[in-house]
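# Let me see the structure of the following:
(chains A and B)
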Protein chains: 2
Amino acid sequence: MNNVTPKILSGFMELLPEDQILFNTILDTIRNNFESFAYLPLDTPIIEYSSVLLAKAGGETEKQIYRFNKGDNDLSLRFDLTVPLSRYVAMHKEELTFPFKRYQIGKSFRGERPQKGRYREFYQCDIDVIGRSELSVRYDAEIPSIIYNIFKSLNIGKFTIRINNRKILLGYLESLNLKDISSDILRIIDKIDKIGIDKVKEEMNNLSIDKDKQESIISFIKDYTQEEVISYLKSFNINNDMYIEGVNELNTVLEFMKSYNILKEYYKVDLTIVRGLDYYTSTVYETVLDDYLSLGSICSGGRYNDLTALYTNEVLPGVGISIGLTRLFSVLKDNNIISSSRKSVADILLVSIDNNNYDYILSLSNTLRSNNIKTDIYYEDKGMKQKMRYADKLSIPYVIVIGEDEVNSKTVTLKNMILGTQDNLTIEEVLEKFKKR
Amino acid sequence: MNNVTPKILSGFMELLPEDQILFNTILDTIRNNFESFAYLPLDTPIIEYSSVLLAKAGGETEKQIYRFNKGDNDLSLRFDLTVPLSRYVAMHKEELTFPFKRYQIGKSFRGERPQKGRYREFYQCDIDVIGRSELSVRYDAEIPSIIYNIFKSLNIGKFTIRINNRKILLGYLESLNLKDISSDILRIIDKIDKIGIDKVKEEMNNLSIDKDKQESIISFIKDYTQEEVISYLKSFNINNDMYIEGVNELNTVLEFMKSYNILKEYYKVDLTIVRGLDYYTSTVYETVLDDYLSLGSICSGGRYNDLTALYTNEVLPGVGISIGLTRLFSVLKDNNIISSSRKSVADILLVSIDNNNYDYILSLSNTLRSNNIKTDIYYEDKGMKQKMRYADKLSIPYVIVIGEDEVNSKTVTLKNMILGTQDNLTIEEVLEKFKKR
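The predicted structure follows:
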């Protein structure tokens, strides 16, 4: 018979069970943290009208979209979770309670050129808070605090959440009479880590910015310490609203993060961070793994003035952040920062010595499962060797063996697969043992 | 400004937060039960090569597929979770441990004509056990036992899992010398609930089956009691292998379900059940809500001889079942069998009386969250009335109010939003109170 070769597309992640268990553990940690901060779940469709989804998109993004016709409809797969949120909030603003805190964990799709660490289908884990006409800057501090809790509990090594408020640099440029070309300058500064200071100066030359101002800008964004950043910023005595707002907002964010007991070495102000120039308006974040800076940001976001501008005239400001989980997982695995340890979700495996006594075994399995012990049963009529091999291959930590003796004495033989020990116990003793774990 | 109208496609489910919380609770119950029986998680791509995904499909299914080109690739969105499982097992059979027990919960897509209760994007919750060349019939009993546990714990009212083994009727037809047209007859009997006995006879007439045999068949599939079904089947003394295997397999399934302590009234043998004629080979299941029979089966599956026939010559038999969760949820909601009760995931809301003392509030929130209490904080500078309205609208059960007094005395004021009472407590007392819940 001619078979079809089973294969998947490149740029799509599919895992073996042990890695899937690990992936799900991470995903659960993220979800639990989101819920612990009282964010509400949302699940939007993967397919939407192109006219709705691509209302704003263009250029590079639009080329990457999976877009197609079905019947009379021009459809696209979502390419992020922000546009659907925006559409959702615009549709349901009369039914939602504001500030509306939502999380969404799901797959997005971008048909970009596949390359190492880039995926065409990828999980995003997003949180956003949306206000109605206003939203306290205090939420700008809550977002990185959640990210801190997640990455700390994932135990992925030292990371740094870099924080900036774009108003500060905009206000500073305004004070240098460079307001007209401020977004061009931000675009240049955004690249400073990649291209270096000399190239930044060269590009500022092209904008006809004089040398003194170039030096002032470079010095402004570089010459401060974390401990004194707010007093440093205030020392410039710049009086335009943009600057004052930016410094005050940043100050609140830093004070709140301190009150949240976030360890100082896990976040820092970085005045060079710009991110998504046509989208974010003040606070911006990115997160790097200190030992893997070349990976770039693993979690980014910020404050935007008007989430739903495309769909409604009402102003709905928001702040949010996104973890690109598929890429992050692949990076963490490839660099051995995380590794799978469990090949099964089972706590225990039940086997029959003589392919018999299933009545006793099944009743026992009911008791174990109702005590939150994940229980597997091996049902094939095989010898003990093969049954134990199943437990071994799946690295199930305990095996209960049942034969006539156990049935008659209403006990079980419990094998500890790690220590290689075994005990004859009552069911109550087994439950007690597992309760202690 | 000209806005784009925010809307989603018909046939796509999108929920408000209170319904999403309810949906997720159901989904978590399903997942927990799957894991409690030690099924391993799997997550396959949503987009696959059409050549792989549609290797077998045809007719109605193929017309419904979301299929499109991207670059040089002919792609399709998965239309179920079984074909991807089959492709996955064929790809990874050397890396998996057999019997391979896997669950997958995810969205599938079928662009069918939208109608009440039908969705184009829908969650499926699948479990399957795959054997390598063989698979004990005992797994055929585990599958409905899991379904029983799930539906019992979901508290969706009285349901019945209908079980059959197709070999029995095939063996019976063989004994009547009707083997050559047995699949035609099964196709007719499959419709008996819809078209009635008279129409079944009419269609058997068309196959030139004589009246006596018609009566025998109808009587065979109808005239038995649940208590004595096995002895009833044995009483025919039919000796072909097909029949004997079918009766023995069904007997094992029933004995195991009894040992699993499944209440008798929740399952029954139904010799008329056929399901997916070109796919299932022996055991088949379907599940109905007793009070809503017209909804048809909410959970179906069965045993198949060779999962991966399209992709490999090795024989991998399996047994599985699928819950169509999106449709089930919509049915349960529409009939008020379930209803959303929580508008927030938060256990508690913290508010400041005077828009101050956030240092104390944030530190308190850390303590609460680290004790598994989901904690929301209201950050806007508003009056108390508006803060309490937020808690009301989200039906958050407790509110902690913090002012100067609380900070000075290191206490909190805890309002019970349901009873309308309030107490001044230490943080330890609050934790104690929540531990008791």
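
# Break down the stretch 1-150 of chain A into its strands, ranges please.
A:40-41, A:47-49, A:67-70, A:73-77, A:100-109, A:121-130 (DSSP state E, counting those that start in this stretch).

# Take the ones you listed and write them to a markdown table, including distance to chain B.
(Glycine included, C-beta is placed from N, CA and C.) Listed next are these as a markdown table, based on distance: least, C-beta to the nearest C-beta, whole Å:
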| stretch | distance to chain B |
| --- | --- |
| strand A:40-41 | 4 |
| strand A:47-49 | 6 |
| strand A:67-70 | 3 |
| strand A:73-77 | 7 |
| strand A:100-109 | 6 |
| strand A:121-130 | 5 |
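
# how far out from the middle of the chain is the helix or strand of chain A with the lowest mean pLDDT?
When the helices and strands of chain A are compared on mean pLDDT, DSSP states H and E, helix A:59-64 comes out lowest with a mean of 80. A distance of 23 Å separates the C-alpha centroid of helix A:59-64 from that of its chain, computed with C-alpha atoms, centre = their mean, to the nearest Å.

# Contacts for that helix, please.
A:Leu54, A:Phe79, A:Arg110, A:Gly111, A:Glu112 (C-beta atoms under 8 Å, 6 or more residues apart in numbering or on different chains).

# Kindly supply the ChimeraX command isolating those of those residues that are buried.
Buried residues within the contacts of helix A:59-64, by 16 or more other C-beta atoms under 10 Å in any protein chain shown, are selected in ChimeraX with:
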select /A:54,79,110,111
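
# of all the contacts of helix A:59-64, which comes closest to chain B?
Lowest distance from chain B to the contacts of helix A:59-64 (C-beta to the nearest C-beta) belongs to A:Gly111, with 5.1 Å.

# what comes up buried for the least confident helix or strand of chain A?
Quick answer for helix A:59-64 (16+ other C-beta under 10 Å): A:Gln64.

# ditto for stretch A:360-380
Neighbour-count burial for stretch A:360-380 [16+ other C-beta under 10 Å]: A:360-362, A:364-366, A:368-369, A:373-380.

# possible to save the strands of the stretch 1-150 of chain A as CSV with mean pLDDT and mean neighbour count?
Listed next are those as CSV, based on pLDDT from 0 to 100; neighbours: other C-beta atoms under 10 Å in any protein chain shown:
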stretch, mean pLDDT, mean neighbour count
strand A:40-41, 98, 22
strand A:47-49, 97, 23
strand A:67-70, 94, 16
strand A:73-77, 96, 19
strand A:100-109, 98, 23
strand A:121-130, 98, 23
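
# any chance of these in a markdown table, with distance to A:Leu277 too?
Output for the strands of the stretch 1-150 of chain A, formatted as a markdown table (distance: least, C-beta to C-beta, whole Å):
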| stretch | distance to A:Leu277 |
| --- | --- |
| strand A:40-41 | 30 |
| strand A:47-49 | 25 |
| strand A:67-70 | 25 |
| strand A:73-77 | 24 |
| strand A:100-109 | 21 |
| strand A:121-130 | 19 |
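
# starting at the chain centroid, how far to stretch A:264-284?
Taking mean C-alpha positions (C-alpha atoms, centre = their mean), stretch A:264-284 and its chain are 17 Å apart.

# for stretch A:427-434, that is, sorry about that
38 Å.

# quick one: is it near chain B?
No - on the criterion C-beta under 8 Å from any C-beta of the partner chain, stretch A:427-434 is out of touch with chain B, staying 13.4 Å away.

# follow-up on the earlier one: now narrow the contacts of helix A:59-64 to whatever sits close to chain B.
Checking the contacts of helix A:59-64 against chain B (C-beta under 8 Å from any C-beta), the matches are A:Gly111.

# Which ones among the contacts of helix A:59-64 map onto helices?
Using DSSP state H, no member of the contacts of helix A:59-64 sits in helices.

# Using CSV, write out every CA atom in stretch A:264-278.
C-alpha atoms of stretch A:264-278 as CSV (Å, rounded to 0.1, in the frame of the first residue of the first chain):
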residue,chain,number,x,y,z
LYS,A,264,15.8,45.5,42.7
GLU,A,265,18.2,43.5,40.5
TYR,A,266,15.3,42.2,38.5
TYR,A,267,14.2,45.5,36.9
LYS,A,268,15.8,48.6,35.7
VAL,A,269,14.9,51.9,34.0
ASP,A,270,16.3,52.0,30.5
LEU,A,271,15.7,55.3,28.8
THR,A,272,16.6,53.9,25.3
ILE,A,273,13.6,51.6,25.1
VAL,A,274,11.1,52.7,22.6
ARG,A,275,9.1,49.6,21.2
GLY,A,276,6.2,49.8,18.7
LEU,A,277,6.4,53.5,17.9
ASP,A,278,3.0,53.9,16.4
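
# Is there proximity between that stretch and chain B?
No - on the criterion C-beta under 8 Å from any C-beta, stretch A:264-278 is out of touch with chain B, staying 14.8 Å away.

# which residues sit against that stretch?
A:144, A:148, A:152, A:158-164, A:166, A:168-169, A:183, A:186-187, A:189-190, A:192-193, A:220-222, A:224, A:226, A:229, A:250, A:254, A:257, A:284-286, A:300, A:302.

# Please convert the buried members of those residues into PyMOL selection syntax.
Here is the PyMOL command that picks out the buried ones among these, judged by 16+ other C-beta under 10 Å:
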select buried, chain A and resi 144+148+159+160+161+162+163+164+166+168+169+186+189+190+192+220+221+224+229+250+254+257+284+285+286+300+302
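
# Straight-line length of stretch A:204-218, end to end?
11 Å (C-alpha to C-alpha, to the nearest Å).

# mind listing what's buried in that stretch?
A:Met204, A:Ile209, A:Gln214, A:Ser216, A:Ile217, A:Ile218.

# Provide the secondary structure category for the residue nearest the centre of chain A.
The centroid of chain A falls nearest to A:Ile323 when counting by C-alpha atoms, centre = their mean (2.6 Å). Following DSSP: H, G, I helix; E, B strand; the rest coil, the label given to A:Ile323 is strand.

# Verify the stated contact: it with A:Gln124.
Yes - here A:Ile323 reaches A:Gln124: they are 7.0 Å apart, a contact under C-beta atoms under 8 Å.

# returning to that earlier point: so which of the contacts of stretch A:264-278 are in helices?
Per DSSP H, the contacts of stretch A:264-278 map to helices at A:144, A:148, A:152, A:166, A:168-169, A:183, A:186-187, A:189, A:192-193, A:220-222, A:229, A:250, A:254, A:257.
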